[in-house]
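Trainee: sequence and predicted model, in that order:
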Amino acid sequence: MAKAPVMQDNDELDLTPMIDLVFLLIIFFILAGKITNQSRTEQITVPPTTTATKIENPKRIIINVFGTTKSGDPPAGTIMIGTEKLRSSGVDDYSHYQRLRLILDKQYDLAHKIPDVNNPVLMIPDEMIIEIRADGDTEYRMVQEVLQVVTDSINPKDMTPRNVAPKDMKPFININYTTRKPGEKN
Amino acid sequence: MARKLRRRPIDNTVVMDMTPMIDIVFLLLIFFMLTTKFTPDEKAISSLMPTNMGQAQASSPSPVPPDQINIKIYPRTPGPVSTTNQFIRNLQPSAYRDLLTPILAERQGRAIDDISVQVGGGPATPIEGKYLSMKGGELLDTQLRNFKNTILEGLESRDNQAAVRKDAPPIIIHCFSKLSWKYALLAYDSVRAFEADKGAGIITKNSDLINARQVAFAPPRVRNYSANEDGNELYEIIHMQ
């Protein structure tokens, strides 16, 4: 009996289960991939700690400090704030810290810094947190320098509540350090 | 007549060709597969830092208060222990550079292999491991615990059992300039863990920090301001550790 290899119309491949699975996969990837803040670049691996808490208040200034990256770009010690990258052009060149200070000053102005009369101990409103997001392998010196610039960029005169005597003011600012949960690779 | 490729249905429903939809769906899937990055959730640890108003009040280097506890993290040089202790005392910049140069020359730009952790005046505990010298070096779990336990034990032996943790002696963390930032942050984390065990609890709100024990990273000891020709301020930051 000759069997003709003919396309038979009554054999149709039902594609419905495949489409279902593909939709499931799409939904998985949509939900699993978070839309992250652009400031939190993946090139920085923050150090692990155990007493850290979840980041809740999103209103913060994130200062990224790069350590050694795989591609070598940006070079170690580069500071990134927003989308702007700042780096030193050589030994004993600290001009990038001037730029950082300018940016921070502008940020404080934008935040309408109003002394919190309920909280005269803190010189800036609780809403404004500066987050230092430094790679675990950044040189300690570079993080120290950034901390120093952050300290200097706050002018206590602008922060003085009117009803607090100068001798009662406690000039502190809140700094957060980004960390992660300790894993197998630390 | 030519064979019909589609059966004409008897009822009035519409048969739709699903091929383009499957194409678009695959495109979307590939897009998401390529653009999704799985990164660990990030957390934050908070601290307070004095502004320069507090520092300006002490324009001359103030004497170290007697009840302050220093945590020192520095490279373990092969010489006698007393050599490394000199890092901690007040040094003139020239003397500091004399100590620093041979260590850096010996390392030739490589990361530092062994470090020592010293709490207060106690003995220095070495944290050894080839991992410390790797670029992007990874701390083993054991090294991490060793580091943390050193600090916890050192703090325990110096604890004055103050009920109000704010009255406990303040802690200053000194870290060698060329060491990785993660060691200093680990030290801070260990101190906060110690305080959490002593009843302060884990700091969640920034306002809790006012009543918590004072912990600070040692600032650079010498800072000079100078102005260039235009009168703009220039920074000169010299690190003493």
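Mentor: Cool, got the structure.
Trainee: where do the helices sit along chain B?
Mentor: B:19-35, B:52-56, B:81-85, B:93-107, B:141-157, B:181-195 (DSSP state H).
Trainee: kindly report the same for chain A.
Mentor: Going by DSSP H, chain A shows helices at A:16-32, A:95-110, A:140-152, A:156-159.
Trainee: contact partners for residue A:42?
Mentor: B:37, B:39 (C-beta atoms under 8 Å, 6 or more residues apart in numbering or on different chains). (Glycine included, C-beta is placed from N, CA and C.)
Trainee: actually residue B:127, not the one I typed
Mentor: With C-beta under 8 Å, 6+ apart, residue B:127 has these contacts: B:114, B:115, B:116, B:117, B:143, B:146, B:147, B:150.
Trainee: please repeat the previous calculation with a cut-off of 10 Å.
Mentor: B:73, B:76, B:114-117, B:139, B:142-144, B:146-147, B:150, B:183 (C-beta atoms under 10 Å, 6 or more residues apart in numbering or on different chains).
Trainee: before we move on, what about residue B:188?
Mentor: A:49, A:51, A:177, A:179, B:45, B:47, B:71, B:151, B:171, B:173, B:215-217.
Trainee: does the longest strand along chain A come close to chain B?
Mentor: Looking across chain A with DSSP state E, the single longest strand is strand A:172-180. Yes. For strand A:172-180, a contact with chain B is found by C-beta under 10 Å from any C-beta of the partner chain, at A:172, A:173, A:174, A:175, A:176, A:177, A:178, A:179, A:180.
Trainee: so what pLDDT did the closest residue to residue A:142 other than its chain neighbours get?
Mentor: Closest residue to residue A:142 apart from its sequence neighbours, by C-beta to C-beta, 6 or more residues apart in numbering or on different chains: residue A:77 at 4.7 Å. If you check residue A:77, the pLDDT there is 83.
Trainee: closest one of the contacts of residue B:127 to residue A:102?
Mentor: residue B:183 (31.3 Å; C-beta to C-beta).
Trainee: isn't that closest one right next to residue B:115, touching?
Mentor: Yes. Judged on C-beta atoms under 10 Å, residue B:183 makes contact with residue B:115 at a distance of 6.6 Å.
Trainee: could you count how many residues lie near residue B:105?
Mentor: 9 (other C-beta atoms under 10 Å in any protein chain shown).
Trainee: try residue A:52
Mentor: Applying other C-beta under 10 Å, we find 26 other residues in the vicinity of residue A:52.
Trainee: residues in contact with the spatially closest residue to it that is not a sequence neighbour?
Mentor: Distances taken as C-beta to C-beta, 6+ apart place residue B:43 nearest to residue A:52, at 3.7 Å, with adjacent residues excluded. Listed by C-beta under 10 Å, 6+ apart, the contact set of residue B:43 reads A:46, A:48-55, A:176-181.
Trainee: quick one on the thing from earlier: just curious, which of the contacts of residue B:188 is nearest to residue B:159?
Mentor: Nearest to residue B:159 among these is residue B:171, at 11.2 Å by C-beta to C-beta.
Trainee: look up how far chain A lies from that closest one.
Mentor: Taking C-beta to the nearest C-beta, to the nearest Å as the measure, residue B:171 falls 14 Å from chain A.
Trainee: what are the bridge partners for that residue, then?
Mentor: residue B:69, residue B:215 (DSSP bridges).
Trainee: for it, give me the pLDDT.
Mentor: 89.
Trainee: ok, residue A:176 next?
Mentor: In this model, residue A:176 carries a pLDDT of 89.
Trainee: residue B:167 now?
Mentor: 77.
Trainee: before we move on, what about residue B:97?
Mentor: 63.
Trainee: quick one on the thing from earlier: between the helices of chain B, which gets nearest to residue A:65?
Mentor: Comparing the helices of chain B by C-beta to C-beta, helix B:181-195 comes nearest, at 7.8 Å.
Trainee: let's test this: mean pLDDT of the closest one, rounded?
Mentor: Here the average pLDDT along helix B:181-195 is 91.
Trainee: residues of it that come out buried?
Mentor: Under the neighbour-count criterion of 16 or more other C-beta atoms under 10 Å in any protein chain shown, helix B:181-195 has B:181-195 buried.
Trainee: quick one: which of those is nearest to residue B:156?
Mentor: Nearest member of the buried residues of helix B:181-195 to residue B:156, counting by C-beta to C-beta, is residue B:194, at 7.5 Å.
Trainee: thinking that closest one is in contact with residue B:200, fair?
Mentor: Yes. Assessed by C-beta under 10 Å, residue B:194 is found in contact with residue B:200 at 9.1 Å.
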